[in-house]
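**Student:** Got a sequence here, can you build the structure:
(chains A, B, C and D)
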4 protein chains.
Amino acid sequence: MDPRLAEIRVRYADTDQMGVVYYANYLVWMEVGRTEYLRNIGMAYRDMESVDGIVLPVKEAHVDYKASARYDDIVIVKSSIEEFTRACMKIAYEITNKADGKLLATGYTVHPFVNREMKITRLPVAIYEKLKGAIGC
Amino acid sequence: MDPRLAEIRVRYADTDQMGVVYYANYLVWMEVGRTEYLRNIGMAYRDMESVDGIVLPVKEAHVDYKASARYDDIVIVKSSIEEFTRACMKIAYEITNKADGKLLATGYTVHPFVNREMKITRLPVAIYEKLKGAIGC
Amino acid sequence: MDPRLAEIRVRYADTDQMGVVYYANYLVWMEVGRTEYLRNIGMAYRDMESVDGIVLPVKEAHVDYKASARYDDIVIVKSSIEEFTRACMKIAYEITNKADGKLLATGYTVHPFVNREMKITRLPVAIYEKLKGAIGC
Amino acid sequence: MDPRLAEIRVRYADTDQMGVVYYANYLVWMEVGRTEYLRNIGMAYRDMESVDGIVLPVKEAHVDYKASARYDDIVIVKSSIEEFTRACMKIAYEITNKADGKLLATGYTVHPFVNREMKITRLPVAIYEKLKGAIGC
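**Tutor:** This next block holds a predicted model:
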């Protein structure tokens, strides 16, 4: 499977009384998407944080909502790294309904690299080169 | 109190293992902020939805994260209506730490007006005029 | 695979500042577990609600926490129907860590059957017999 | 005000497509309730964790759901300490609708005292005596 794709089943907990998925949950899906993408290209985020001491807080988040996701739908999050330097990373997302391919939302997040003390840091060269190769940019 | 302000105490549930508030929860706070603002200027959103049949889904959401919120902090959400027509509304937010006034995040949401069947609609003139007067724009 | 089992990857959103999964999220996992179980035995809950008009609110929920789940762990929720009549259903859960089989939590939920107006109802005989056969009780 | 009481406004985020509050959110409200109760009797949980190094994980949680809470309702969580030793604490909750006093749910949580390394510990005598006096048991 394309390493950029992650599948998520919509939970009852995700819905609100409008009968569709509550808007903040798209940011959770984007988190799941980027975690799976990094894992698929060989960089488990859990290890980056616990082994390398590199933390990726979010500096900016944006979502454009196109259509509603509903309970029990399977959505596909496609993550693409749009910008990548040793200082930060910008990831773009497309969220679609698996059943019919309908586009539900697009968005992006921007992540500076910080250390465990939440101070701005540079990505170690080894990790940077590995990721750069995996991303193909 | 300024009708644009809403106070929220950070819950343990809001934090993540980074020790700060998880990024998606800022969208929940923005929901609380705009609900309180609309209530304070005389338009309870609950009534708009149940009595007038006007629903405000989110078309676009954006957050710029400036500093971390932590467990048990009190944050203040200031909501300002930036654009307002009979077709849609754009609301801007400033989230600050109550204790020291530090800016934690800014952002905005865009809401088209739809009816209960989720079809694009126009805000009834009476509601539009009342809100326009209350907002002062 | 055993129809009673559902796998869930722990999200960053699920954790709290203690560095483990926040306690309320186990109830969300139990929801995912019972949904998957019902689907696996041929009764998609989405259809029960939308086609048959049968809703399963929760009357009682209980969790015994045994060990912590952590970010990026895969947990397995095993759902077993403990009681089943035309009036209600009691489901028991065992949540384990997939990597080492460690028991993380046990619990149960009790669900009366209600109709769309949230009035107590009886499960239609056809659905009851089908589920009874699938469960093997 | 009675130190055992905490008021919470129901958020849109709390609801699900049944049009009522999703069942896991009652555990979040119980967290808010016990935090406010401890604060009201002079023991901010934030300080217990950061200053005294005492953490209160949850060993057991139970909820009996009696009636639905809905969007924009104000609910009142009443927390009562039912058992209290130097090893653990059991807290009981009653959640009611502020508008009409209707009982929405009852429940309890059990909390062992652990240290920052999540090892079982005993509550320091000074804290124990202070809390015991404040609780009046």
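**Student:** quick one: the spatially most central residue of chain A and D:Arg86, what's the gap?
**Tutor:** Nearest to the mean C-alpha position of chain A, counting by CA atoms, centre = their mean, stands A:Arg34 at 2.7 Å. Distance, A:Arg34 to D:Arg86, by CB to CB, to the nearest Å: 44 Å. No exception for glycine: its C-beta is placed from N, CA and C like everyone else's.
**Student:** just A:Thr121 next, same as before
**Tutor:** Relative to D:Arg86, A:Thr121 is positioned 43 Å away (CB to CB).
**Student:** and if you look at A:Arg39?
**Tutor:** A:Arg39 is 44 Å from D:Arg86, by CB to CB.
**Student:** and the closest residue to A:Thr109 other than its chain neighbours, backbone torsions?
**Tutor:** Nearest residue to A:Thr109 in three dimensions, chain neighbours excluded: A:Ala61, at 4.9 Å (CB to CB, 6 or more residues apart in numbering or on different chains). When read as degrees, to the nearest 10, the backbone of A:Ala61 gives phi -140, psi 140.
**Student:** With A:Lys78 instead?
**Tutor:** Dihedral angles for A:Lys78 - degrees, to the nearest 10 - are phi -110, psi 120.
**Student:** Could you count how many residues lie near it?
**Tutor:** Residues lying near A:Lys78 (other CB atoms under 10 Å in any protein chain shown) number 16.
**Student:** hey, what's it bridged with?
**Tutor:** Under DSSP bridges, the beta-bridge partners of A:Lys78 are A:Leu5, A:Glu94.
**Student:** tell me the contacts of it?
**Tutor:** Contacts for A:Lys78 (CB atoms under 8 Å, 6 or more residues apart in numbering or on different chains) come out as A:Asp2, A:Arg4, A:Leu5, A:Gly33, A:Tyr93, A:Glu94, A:Ile95, A:Thr96.
**Student:** where does chain A dip in pLDDT?
**Tutor:** Within chain A, the stretches with pLDDT under 70 are A:137.
**Student:** quick one: furthest residue from the center of it?
**Tutor:** A:Gln17 (26.3 Å).
**Student:** which SSE is it in?
**Tutor:** For A:Gln17, there is no enclosing helix or strand under DSSP states H and E.
**Student:** who's in contact with it?
**Tutor:** D:Tyr12, D:Thr15, D:Asp16, D:Gln17, D:Met18, D:Gly19, D:Val20, D:Tyr71.
**Student:** Likewise for A:Pro112?
**Tutor:** A:Leu56, A:Pro57, A:Lys59, A:Ala87, A:Cys88, A:Ile120.
**Student:** pretty sure the last one is in contact with A:Ala87, am I right?
**Tutor:** By that I understand A:Ile120. Yes. At 7.5 Å, A:Ile120 counts as touching A:Ala87 under the criterion of CB atoms under 8 Å.
**Student:** just how off-centre is stretch A:94-104 within its chain?
**Tutor:** 16 Å (CA atoms, centre = their mean, to the nearest Å).
**Student:** same thing with stretch A:50-65?
**Tutor:** 8 Å.
**Student:** for that stretch, how far is the first residue from the last?
**Tutor:** 34 Å (CA to CA, to the nearest Å).
**Student:** Tell me the buried residues in that stretch?
**Tutor:** Going by neighbour count (16 or more other CB atoms under 10 Å in any protein chain shown), the buried part of stretch A:50-65 is A:Asp52, A:Ile54, A:Val55, A:Leu56, A:Val58, A:Lys59, A:Glu60, A:Ala61, A:His62, A:Val63, A:Asp64, A:Tyr65.
**Student:** what does the longest helix anywhere in chain A rub up against?
**Tutor:** Longest helix in chain A, counting residues (DSSP state H): helix A:25-40. The contact list for helix A:25-40, computed with CB under 8 Å, 6+ apart, reads A:3-6, A:8, A:14, A:44-45, A:48, A:61, A:63, A:65, A:75, A:77-79, A:81, A:91, A:93, A:95, A:105, A:107, A:109, B:23-24, B:27, C:9, C:11-13, C:72.
**Student:** Could you pull up the contacting residues of A:Ile74?
**Tutor:** Going by CB under 8 Å, 6+ apart, A:Ile74 touches A:Glu7, A:Ile8, A:Arg9, A:Val10, A:Asn97, A:Lys98, A:Ala99.
**Student:** any idea which of the residues you listed is closest to chain D?
**Tutor:** Nearest to chain D among those is A:Val10, at 10.3 Å by CB to the nearest CB.
**Student:** which residues touch the residue lying closest to the closest one once chain neighbours are set aside?
**Tutor:** Using CB to CB, 6+ apart and skipping the chain neighbours, the partner closest in space to A:Val10 is A:Asp73 (4.7 Å). By CB under 8 Å, 6+ apart, the contact set of A:Asp73 is A:Arg9, A:Val10, A:Asn97, A:Lys98, A:Ala99.
**Student:** Quick check on A:Asp73: phi, psi?
**Tutor:** Note on A:Asp73: backbone dihedrals following degrees, to the nearest 10 are phi -60, psi 150.
**Student:** Near chain D, which residues of chain A are found?
**Tutor:** Chain A has residues A:Tyr12, A:Ala13, A:Thr15, A:Asp16, A:Gln17, A:Met18, A:Gly19, A:Val20, A:Tyr22, A:Ala24, A:Tyr71 near chain D, with proximity defined as CB under 8 Å from any CB of the partner chain.
**Student:** now, among those, which is nearest to D:Val125?
**Tutor:** Comparing these against D:Val125 with CB to CB places A:Ala13 closest, at 41.9 Å.
**Student:** What count of nearby residues applies to that closest one?
**Tutor:** 21.
**Student:** what's it sitting at in phi/psi?
**Tutor:** phi -60, psi -30.
**Student:** Run a quick check on it versus D:Val21, I expect a contact.
**Tutor:** No. Taking contacts as CB under 8 Å, A:Ala13 lies outside contact range of D:Val21: 11.2 Å.
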